[in-house]
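>>> Here is a sequence together with a model predicted from it:
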Amino acid sequence: MTKGMQGRFLLLYGSQTGQAKAIAEEIYENAPHHGLQPEIHCLSMTDKKFSLEKEACMVMVVSTTGDGEPPETATKFWRRLKKKTLPGDHLAHLNYAILGLGDSNYNNFCRNPKNFEQRFEELGAKQFYPSGFADDAVGLEVVVEPWIDGLWPVLRKQLGLSNNECTSNGVMEPTENKSITQSTGDDSDSGTDVDNPYGHRKSHQDVEKRTSPDVKIQTEAGTRTMSNDNRTNPTTLNNDTENDKADANQTSTDSGTSPLTQDSLRTNQSEGETVVDSTQNKGPSLTCSVPPLSESGLTLPLLPPAYLEVQFHKDLVMSPDQLTLQGSASYPSAQSDVSMATIVSATKLTRDDAVKTALDLELDISDAPIDYQPGDAFSIICPNPSTEVDLLIQRLGLSEQADSVFSLQLIANTKKRRATIPDYIPKTCTVRHVLTHCCDIRTPMKKAVLRMLVEHTENAREKRRLQELCSKQGMNDYGTFIREGCVSILDVLIAFPSCNPPLGRLLEHLPRLLPRPYSISSSPLVDPKRLHFVFNIIEFPHSHGRAMARQGVCTGWLNHKTQPIQQQVSTDVKGQDVEMNMAALSISEKSKVLIFARTNTHFRLPEDPSTPIIMIGPGTGVAPFIGFLEHREMQLNKVAENGDDTIKFAPSWLFFGCRHKERDFLYRHKLEHFVKTGVLSRLHVSFSRDATNGTIAPKYVQDNLRLHSTDVLDLLLEKNAILYVCGDAKNMARNVNETLLELIGKHTGKGAYDATLILAKLREEKRYREDIWT
């Protein structure tokens, strides 16, 4: 693209899991409708495809990963940008805007885009539009949508173009350097297994609220209004066509347990009418709205252009073994090749009456090129549940073609810019394979998907409701019933029976099925060819909008695979966990899993064993610390065997918590053994749901931190201990951080600001390390 082209600007993205890339591509797709011509590149292409030194106007969309670090695709760019030899006017010619993605459940919220912003300023670049910091904890769309809407007129002005033909909603003045950031609350839910999803709206033009429920749609030629005389009734969604009857019949199953027969949704076969139970619908729900939304005019996003065409090959037959797993796509954060491991034991660490079920799995990694250390993590490549895949295939009317071979082609003359076939879908594939192994069918629907589904919905009332859910006016309903409800494509198709999208359109929008990461809970010094990890089996109950109860994609799959060999934890006379005697077990192919090592540079034991360590890990957050302690025990034993008294081992503390001492005290006997043998200096436990019989007892790990604050702060501030925190980011890690701020303030006599600086310094020195998740 010629740099002198009118309306040209550089559009960059740095993405770890694809969300920043998707948002950047949205800006790229919509820019021509505003008379703009972006040149888009991944940050990894620095000096190959672009150079900031030659640019005058740049927009960046970048995410945050790890402990406030840049995504892998941005590390090279960041290294070059932060060189100390660069002069203060190095980028004085550059005008820029940044949209950052992060998660406020983590302490370093949007740290990476903020670092970019600060560095651009240090190098003389000028910000022409306030930065937006979108929060995945409450929905990226809350900031992303208005930020993009406000970008267009400011960007046109920056490039010297007239705004006479462009209107926008909520334009922010570029003269004030204020960030758009949404607030968060304790009840916000990020809700998904791996890569919490978001919805984002295509650009729209402003529309005033009107009394008639018109729908205003942005098109290439301008804005057109569609009248919706049939308003959504709070209790009934009518299917007006014979096709609706057929769809309802087609999605029933022989077993009678299909979610299509759920209590809250019953089908009148004779009248072709789907009736929502009024006892469960006194307010809005996934399938119905109430005033004022049901009577409001709607501003819809642009319809994403179709670009994939499915071509079936009737004469071609392929066995599952011939199908590549996810095409040629590499896996994010992979540090090793994908290899096969064998499940050799499955130990249930919780009682049957525990709130959650925790499993410890042992893998034989003899054939895997994984050289791990305690604290490392690895990923498991898992499929979607076969029952949901089968239901989705049936609902799409593709049962007879489920195992037929197809290939994807780009639609000739598609209006989608830079259209490409997803590299995670094999060149030749089957419907069952692509929905089982390649696409994530669980992720909540983005607004762009809902907008596409509108065009393939026949029933007027169902169409209206889908329009509401993807509209500007329906943002609250979208957040409540789609994102927070973790409503999948299958849930939506069940709830809206007249919606029948073609396979190609679904494959355009369904994201990639990503591997699931787990912390390793063992030491290679015990056995370098074996690896342990622990997880809770995630349960999603049936709810309004969620058509059936389900388990986590990976945890449910592992639970199902190991059912025949699961055994309850017990103890031997030495008090250590007794694992199953696997000699008599024949390991079948069904006990195999595909894994790869993940990158990890910080969550490891200190190289010097004389450095004190403080470990905080309630629930399954204790996993890496079991590996730490196993490692320390082997090191201590080796030192004792060699009679080497020059190596000193510093104190090690562990703060653990769970609900009930007798139900879900994970690795209890191992931990008690470590205390008995001196491997673990102090073990402080808390049980949040146990009766205290009138005594004062700590309920959470932060309570024990307060009880032992003097010793903890002496280790941390005076003896250079390393603090490790592992587990839930949303509540536990945040509460631990706030407790430490409180205790540091009391211990030092300093105010909140100075306490924050002390804690920030600990993080900078890598003495406050976290392995946390939402």
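The structure has been received and is ready for your questions.

>>> So residue 436 versus residue 514, what's the distance?
14 Å (C-beta to C-beta, to the nearest Å). For glycine as for every other residue, the C-beta is placed from the backbone atoms N, C-alpha and C.

>>> do residue 479 as well
In terms of C-beta to C-beta, residue 479 sits 23 Å off from residue 514.

>>> can you pull the contacts of residue 501?
With contact taken as C-beta atoms under 8 Å, 6 or more residues apart in numbering, residue 501 is in contact with 396, 452, 453, 456, 493.

>>> Just send those residues back as TSV, with secondary structure and distance to residue 649 too.
What follows is the contacts of residue 501, written out as TSV (DSSP: H, G, I helix; E, B strand; the rest coil; distance: C-beta to C-beta, whole Å):
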residue	secondary structure	distance to residue 649
396	coil	60
452	helix	60
453	helix	60
456	coil	65
493	helix	59
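
>>> Find the pair from those residues with maximum spatial separation.
396 and 452 (14.0 Å; C-beta to C-beta).

>>> Would you tell me which helix is longest in this protein?
Once the chain is assigned using DSSP state H, the helix that runs over the most residues is helix 623-642.

>>> Count residues in the vicinity of residue 631, would you?
22 (other C-beta atoms under 10 Å).

>>> Let me fix that, I meant to ask about residue 72.
Residue 72 has 18 nearby residues by other C-beta under 10 Å.

>>> which residues in the stretch 351-500 of the chain form strands?
358-364, 377-381, 405-410, 428-430 (DSSP state E, counting those that start in this stretch).

>>> So for residue 325, which of these sits nearest?
The minimum distance between residue 325 and the strands of the stretch 351-500 of the chain falls on strand 377-381, with 6.9 Å, by C-beta to C-beta.

>>> Check which helices and strands that closest one is in contact with.
strand 516-519, strand 592-597 (3 or more C-beta pairs under 8 Å, 6 or more residues apart in numbering; DSSP states H and E).

>>> Return the list of strands paired to that strand, each annotated with direction.
Under the criterion DSSP bridges, strand 377-381 sits next to strand 516-519 (antiparallel), strand 592-597 (antiparallel) in its sheet.

>>> Quick check: what element follows the shortest one along the chain?
Meaning strand 516-519. Downstream of strand 516-519, the next assigned helix or strand under DSSP states H and E is strand 530-536.

>>> could you check the angle strand 377-381 makes with that next one?
80 degrees (axes from the mean of the first three to the mean of the last three C-alpha atoms, to 10 degrees).

>>> Start the count at 13 instead of 1 going forward.
Yep, numbering from 13; the last one is strand 542-548 now.

>>> Phi, psi for the residue sitting furthest away from the middle of the chain please.
The centre of the chain is farthest from one residue, residue 655, which by C-alpha atoms, centre = their mean lies 49.2 Å away. Note on residue 655: its backbone torsions stand at phi 60, psi 30 [degrees, to the nearest 10].

>>> mind listing what's buried in the strand ranked longest in the chain?
Assignment by DSSP state E gives strand 351-360 as the longest strand of the chain. For strand 351-360, a neighbour-count test (16 or more other C-beta atoms under 10 Å) marks 351, 353, 354, 355, 356, 357, 358, 359, 360 as buried.

>>> Direction included, what does that strand pair against?
strand 370-376 (antiparallel), strand 578-580 (parallel), strand 604-609 (antiparallel).

>>> So for it, mean pLDDT?
The average pLDDT for strand 351-360 rounds to 96.

>>> what does stretch 666-676 give?
Averaged over stretch 666-676, pLDDT sits at 97.

>>> looking at this, residue 744 is in a strand?
No: remark: residue 744 does not belong to a strand; assigned using DSSP: H, G, I helix; E, B strand; the rest coil, it is helix.

>>> Quick check: it touching residue 717?
No: under the criterion of C-beta atoms under 8 Å, residue 744 is not in contact with residue 717, lying 11.5 Å apart.

>>> Return the list of helices and strands in contact with whichever strand or helix holds residue 765.
Per DSSP H and E, residue 765 falls inside helix 764-776. With contacts defined as 3+ C-beta pairs under 8 Å, 6+ apart, helix 764-776 has these neighbours: helix 746-760.

>>> contacts for the helix it packs on?
Against helix 746-760 from outside (C-beta under 8 Å, 6+ apart): 117, 119, 628, 712-714, 717-718, 721-722, 724-725, 729, 735, 737, 762-764, 766-768, 770-771.

>>> Got a quick ChimeraX command for the buried subset of those?
Selection of buried members from the contacts of helix 746-760 for ChimeraX, criterion 16+ other C-beta under 10 Å:
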select :117,119,628,712,713,714,717,721,724,725,735,737,767,770,771
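
>>> coming back round to it: would you turn the helices and strands packed on strand 389-393 into CSV with distance to residue 309, mean pLDDT and mean neighbour count?
Converted to CSV, these look like this (distance: least, C-beta to C-beta, whole Å; pLDDT from 0 to 100; neighbours: other C-beta atoms under 10 Å):
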stretch, distance to residue 309, mean pLDDT, mean neighbour count
strand 528-531, 42, 96, 22
strand 604-609, 50, 95, 19
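
>>> re the thing from before, could you point out which element follows the helix holding residue 765?
Scanning onward from helix 764-776 (DSSP H and E), the first element met is strand 780-785.

>>> quick one, that next one and helix 764-776 angle?
Using the same axes, to 10 degrees: strand 780-785 against helix 764-776 is 80 degrees.
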